[in-house]
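> give the three-dimensional model of this entry:
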Amino acid sequence: MPFTRFGQEKAEFKEYLNPGDREFQYNGKEYHIKCSDVFLYPQCYAAVADRLGKLPGELLIVDIGSKTVDIIHTRKHIPVESDCITIPSALIQCMANINNVIYRKTNRTLTEEQIQQVMMYGNAPYSDKMVQIVKEELAVFAKRIEAALKEHGFDPEMTPVVYVGGGAGVMKRFGSVTGRHIMHIEDVKANALGYEYLAHQQLKRKQL
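From the prediction side, this is the model:
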């Protein structure tokens, strides 16, 4: 769950995921599982949970996903709840904006996969002109993210930042603020791995 909604919606969401029998299909195969308990953790923070001790105590964790940008500010590795923000515009809107510009300038459109190639690798196997437009628009998106941090009182030139989620690669390749204090976790499974890590830690404590 987004950190900004975690406190308000945690109990209701846990009730929604009420332990019990579950039946579902995946890839044409039927599964029947028994859920004995539900653990809830905030996304974004989970993405760095297994490495938090190696990161600066004061830190901005910026999770750039498909639909939202989640920002968590930590002091001594503890989230400052009043400073945490969710921005309801992220990579899906970014790709729509890119295609609007592409269409306006070339009368063509690109697929999400074609845009993602530039996001992930900094290049793609289509015309240099169109790749350059995508790069320019990704740089605009990265500047907007950096500007959003400043608007909310954080200076990315001064504060350590770790970018996670699908947009981490965009910030790594197209962000204008660079330096040793700017970090990137490009593994899109980082949150899921963090949930697994936190659940293991919680289960260990329950067994003591």
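
> which residues in this protein form helices?
Taking DSSP state H as the test, the helices found in the chain are 3-16, 91-106, 112-121, 128-151, 168-174, 190-207.

> could these be laid out in CSV, adding mean pLDDT?
Listed next are the helices of the chain as CSV, based on pLDDT from 0 to 100:
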stretch, mean pLDDT
helix 3-16, 78
helix 91-106, 95
helix 112-121, 94
helix 128-151, 96
helix 168-174, 96
helix 190-207, 89
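
> for beta bridges, what are the partners of residue 35?
Residue 35 has these beta-bridge partners by DSSP bridges: residue 20.

> before we move on, back to that, closest to residue 78 out of the helices of the chain?
helix 3-16 (12.2 Å; Cβ to Cβ). To be clear about C-beta, it is placed using only N, CA and C from the backbone, and glycine gets the same treatment.

> packing partners for the closest one?
strand 69-75, strand 85-87 (3 or more Cβ pairs under 8 Å, 6 or more residues apart in numbering; DSSP states H and E).

> among the ones you listed, which is the most enclosed?
Mean neighbour count (mean count of other Cβ atoms under 10 Å) peaks for strand 69-75 among the helices and strands packed on helix 3-16, with a mean of 22.

> for the helices and strands packed on helix 3-16, which one sits closest to residue 119?
Residue 119 lies closest, by Cβ to Cβ, to one member of these: strand 69-75, at 14.9 Å.

> just want the angle from the closest one to helix 128-151.
Calculated by axes from the mean of the first three to the mean of the last three Cα atoms, to 10 degrees, strand 69-75 forms an angle of 40 degrees with helix 128-151.

> residue contacts, residue 94?
Applying Cβ atoms under 8 Å, 6 or more residues apart in numbering to residue 94 gives the contacts 137-138, 141, 167, 170.

> for these, which single residue is the most surrounded?
For these, the largest neighbour count, defined by other Cβ atoms under 10 Å, is 28 neighbours, found at residue 167.

> how close does the closest residue in space to that one that isn't next to it in sequence get to residue 107?
Counting by Cβ to Cβ, 6 or more residues apart in numbering, residue 64 is the residue found nearest to residue 167 once chain neighbours are left out, at 2.6 Å. According to Cβ to Cβ, to the nearest Å, residue 64 stands 30 Å off from residue 107.

> would you mind measuring from residue 176 to residue 115?
Taking Cβ to Cβ, one finds residue 176 at 20 Å from residue 115.

> between the two, point out the one with more neighbours.
Legend: neighbour count by other Cβ under 10 Å for residue 176 and residue 115, higher for residue 115 (23 against 11).

> measure the more buried one to residue 83 for me?
For residue 115 relative to residue 83 (Cβ to Cβ), the value is 32 Å.

> circling back: could the helices and strands packed on helix 3-16 go into CSV alongside distance to residue 5 and mean pLDDT?
CSV is the format used below for the helices and strands packed on helix 3-16 (distance: least, Cβ to Cβ, whole Å; pLDDT from 0 to 100):
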stretch, distance to residue 5, mean pLDDT
strand 69-75, 10, 93
strand 85-87, 7, 90
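
> closest to residue 9 out of the ones you listed?
Nearest to residue 9, of all those, is strand 85-87, at 12.2 Å by Cβ to Cβ.

> note down every partner strand of that closest one and its orientation.
strand 69-75 (antiparallel).
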